[in-house]
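**Student:** give me a 3D structure for the following:
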Amino acid sequence: MTKMNIGIIGTGFIAKILAPQIQSSNKARLAAVSSRTLAKAEKFVANYPGAVAVEGADQLIARDDVDAVYVATPTAAKEDVASRALAAGKQVLIEKPLHSAESFKRLSALAREKGLVLMDATHFVHHPRTAAMRERLADLIGAPRSLHTMFYFPFSDRENIRFDPTNEPMGAVGDMGWYSMRAVVEYLAPNTLEDIKVFAERDPQSGAVIRSTGVLKFDAGKTATFDVGYTAGAAVMDLTVAGTSGILTQDDFVLDWHSGFGFDNPDIQTGFVHRSGMATRNEFAFIETPSERSQHALMIDNFADLIRNGDAAEREIWLSATEKTQVFLDAIWQEIQTQARAVPGTDPSSKK
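**Tutor:** You can find the predicted model right below:
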């Protein structure tokens, strides 16, 4: 099998996480890396034999030996870079979040026009656990009615791009809340958002959103609550789906403890917990969902497969999931902005 040649645009933290997964894949290889300066790109590729360092996104996009690009730029630049890649005939894997649902709609329309794959880089959905839990929802808990997620990483480096509202406008909401909304799409599968209430905390120096909590009401009486940010002093990745006859929980829904990046615990099995009735803790059932490869590696494999199989219906499934996630995220962000405008001195845009 000929490997898919992937180029990475951007040399930040997340690009460094995905590069080894690309290089170790049986279905893809790292062909090139671009940065705004050649020196940064050269430093990045030093550990990846065969990968070429390139200055600027346009030079990478123009390369004939690059079949697909991974857009790992700040959110403010994603649509521009991704649209140029698609226009040039490159398949695109793009970091989340997007700038807005409208931004993603423009990109997805271009991908359809060109007959190309556009996939967002939400990694947890590629772990077998996601499909296994989704497939067993009805059997284990009846009709899903509510979902709660709590996602915190202890983080306070104001020099990091997460604290830069110009490049990452949504702050922790875009960074962490994206996973909560994708879990809503995967496990609740609502059609429309009917009501929303959100609270946000901003960093007093940068104005970046560093914590947010909210509740969303969807069609058919489904609800979701989320609590995300950088301020809890611990890594928390809890998820609970409640149905009409039981609940399912995970305590590592974003990055599994077993092999999610930042974790290497072969003795911790990946799966989910089932509870029903008056079961006490020693009666909870842990359902294992093992995987020989990490969810990031599986994402690269699935991206390559989606390109090769040319299945238009499957491509639409991925596009739809991304759009719905971004729509719900946009609603959260709009609510935060509305509240900020209503309280003098709390809207960062008014300080410019």
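
**Student:** hmm, E323 and D120 touching each other?
**Tutor:** No - here D120 lies out of contact with E323, judged by C-beta atoms under 8 Å, at a distance of 9.6 Å. For the C-beta atoms, the positions are set from N, CA and C on the backbone; glycine is no exception.

**Student:** ok, these two, which is more surrounded?
**Tutor:** The residue with more neighbours, out of D120 and E323, is D120; 25 against 17, by other C-beta atoms under 10 Å.

**Student:** how close does the more buried one sit to L298?
**Tutor:** D120 sits at a distance of 15 Å from L298 (criterion: C-beta to C-beta, to the nearest Å).

**Student:** also S103?
**Tutor:** 27 Å.

**Student:** over to G171?
**Tutor:** Distance from G171 to L298, by C-beta to C-beta: 28 Å.

**Student:** with G10 instead?
**Tutor:** Taking C-beta to C-beta, one finds G10 at 22 Å from L298.

**Student:** between the two, which one's more packed in?
**Tutor:** G10 (26 against 19).

**Student:** which one is that one nearest to, not counting chain neighbours?
**Tutor:** A72 (3.5 Å; C-beta to C-beta, 6 or more residues apart in numbering).

**Student:** correct me if wrong: that neighbour contacts G7.
**Tutor:** No - applying C-beta under 8 Å as the test, A72 and G7 come out as separate, 10.6 Å apart.

**Student:** settle it for me: which of these two has more neighbours?
**Tutor:** Taking neighbours as other C-beta under 10 Å, A72 and G7 compare with G7 leading, 27 against 24.

**Student:** the more buried one should be in a strand, yeah?
**Tutor:** Yes - counting by DSSP: H, G, I helix; E, B strand; the rest coil, G7 is part of a strand.

**Student:** how near is it to A85?
**Tutor:** Relative to A85, and taking C-beta to C-beta, G7 is found at 9 Å.

**Student:** so what sits against both of the two?
**Tutor:** I61, V69 (C-beta atoms under 8 Å, 6 or more residues apart in numbering).

**Student:** quick one: contacts of stretch 31-44?
**Tutor:** Residues contacting stretch 31-44 (C-beta under 8 Å, 6+ apart): 5-11, 15-16, 19, 45, 48, 50-57, 59-60, 63, 65-67.

**Student:** pull out the buried residues from it.
**Tutor:** Buried residues in stretch 31-44, counted by 16 or more other C-beta atoms under 10 Å: A31, A32, V33, S34, S35, K40, A41, E42, F44.

**Student:** quick one: that stretch to chain centroid distance?
**Tutor:** 24 Å (C-alpha atoms, centre = their mean, to the nearest Å).

**Student:** what do you get for stretch 64-75?
**Tutor:** For stretch 64-75, the distance to the chain centre is 16 Å (C-alpha atoms, centre = their mean).

**Student:** which residues sit against stretch 325-335?
**Tutor:** Under C-beta under 8 Å, 6+ apart, the answer for stretch 325-335 is 96-98, 100-101, 104, 120, 122, 169-170, 173-174, 177-178, 181-182, 184-185, 193, 196-198, 212, 214, 216.

**Student:** keep only those of those residues that are in helices.
**Tutor:** The helices, defined by DSSP state H, take in A101, F104, W178, M181, R182 from the contacts of stretch 325-335.

**Student:** among the residues you listed, name the buried ones.
**Tutor:** A101, F104, W178, M181, R182.

**Student:** which stretches in this protein count as strands?
**Tutor:** Secondary structure of the chain by DSSP state E: the strands cover 4-9, 28-35, 52-55, 68-71, 91-94, 118-120, 146-152, 193-202, 209-218, 223-229, 236-242, 247-250, 271-275, 285-288.

**Student:** any idea of the mean pLDDT for the fifth one?
**Tutor:** What it means is strand 91-94. Here strand 91-94 scores 98 as its mean pLDDT.

**Student:** much appreciated, bye for now.
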